[in-house]
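[1] this is the structure alone, sequence omitted:
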């Protein structure tokens with residue numbers, strides 16, 4: 001079973017992803033902030049990370065940089081899901097697999113997840 005880590009400080013967003021992803025056959029791990037998310041990436045080595053940008057403490061930018069600079073983690077695809085628009089160029093430089101705006105519209109993010117991890 002493919003493991004997806006959802007890192008977001010909004011409990012409702014986490015629940016939305018968890019319900020939808022588990023019903024599609026994925027195992028979901030969650031983290032409420034960047035520090036916990038990075039710790040879980042290192043422990044679990046998920047197949048994909050869904051990551052918010054604006055979080056207390058360590059933000060999504062820092063989490064992406066840590067993941068992509070670690071040889072053991074850099075191949076894990078990261079999808080950004082954010083309410084802070086117009087971040088595409090910044091995250092493309094960091095090597096993220098996709099960027100989606102909150103609130104989510106349609107099934108784009110779920111289609112991208114299936115494309116990346118099956």
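    Arrived safely, thanks for sending. The structure presented is a predicted model; accordingly, all values stated were derived computationally and were not measured.

[2] show me where this structure has helices.
    Listed in chain order, the helices of the chain (DSSP state H) span 11-23, 34-44, 60-69, 88-94, 108-117.

[3] Serialize those to TSV and add fields for distance to residue 53, mean pLDDT and mean neighbour count.
    Where C-beta positions appear, they are placed from N, C-alpha and C, glycine not excepted. As requested, those are arranged in TSV below (distance: least, C-beta to C-beta, whole Å; pLDDT from 0 to 100; neighbours: other C-beta atoms under 10 Å):
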stretch	distance to residue 53	mean pLDDT	mean neighbour count
helix 11-23	12	94	14
helix 34-44	10	97	18
helix 60-69	4	93	18
helix 88-94	9	60	13
helix 108-117	14	93	16
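
[4] output these in JSON lines; the columns should cover distance to residue 101.
    Below are the helices of the chain laid out as JSON lines (distance: least, C-beta to C-beta, whole Å):
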{"stretch": "helix 11-23", "distance to residue 101": "12"}
{"stretch": "helix 34-44", "distance to residue 101": "20"}
{"stretch": "helix 60-69", "distance to residue 101": "14"}
{"stretch": "helix 88-94", "distance to residue 101": "10"}
{"stretch": "helix 108-117", "distance to residue 101": "10"}
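
[5] state the distance from the nearest residue to residue 55 once chain neighbours are set aside to residue 106.
    Excluding the flanking residues, the one nearest residue 55 by C-beta to C-beta, 6 or more residues apart in numbering is residue 9, at 4.6 Å. Distance of residue 9 to residue 106, computed by C-beta to C-beta, to the nearest Å: 24 Å.

[6] which one's more surrounded, those two?
    residue 9 (16 against 7; other C-beta atoms under 10 Å).

[7] quick one, what contacts the residue most central in space within the chain?
    In the chain, the centroid-proximal residue (C-alpha atoms, centre = their mean) is residue 50; its distance is 1.4 Å. Neighbouring residues of residue 50 by C-beta atoms under 8 Å, 6 or more residues apart in numbering: 4-8, 17, 79, 81, 109, 113.

[8] so which of those sit within strands?
    4-7, 79, 81 (DSSP state E).

[9] make JSON lines from those residues and add distance to residue 37 to it.
    Below are those laid out as JSON lines (distance: C-beta to C-beta, whole Å):
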{"residue": "4", "distance to residue 37": "12"}
{"residue": "5", "distance to residue 37": "7"}
{"residue": "6", "distance to residue 37": "9"}
{"residue": "7", "distance to residue 37": "3"}
{"residue": "79", "distance to residue 37": "13"}
{"residue": "81", "distance to residue 37": "13"}
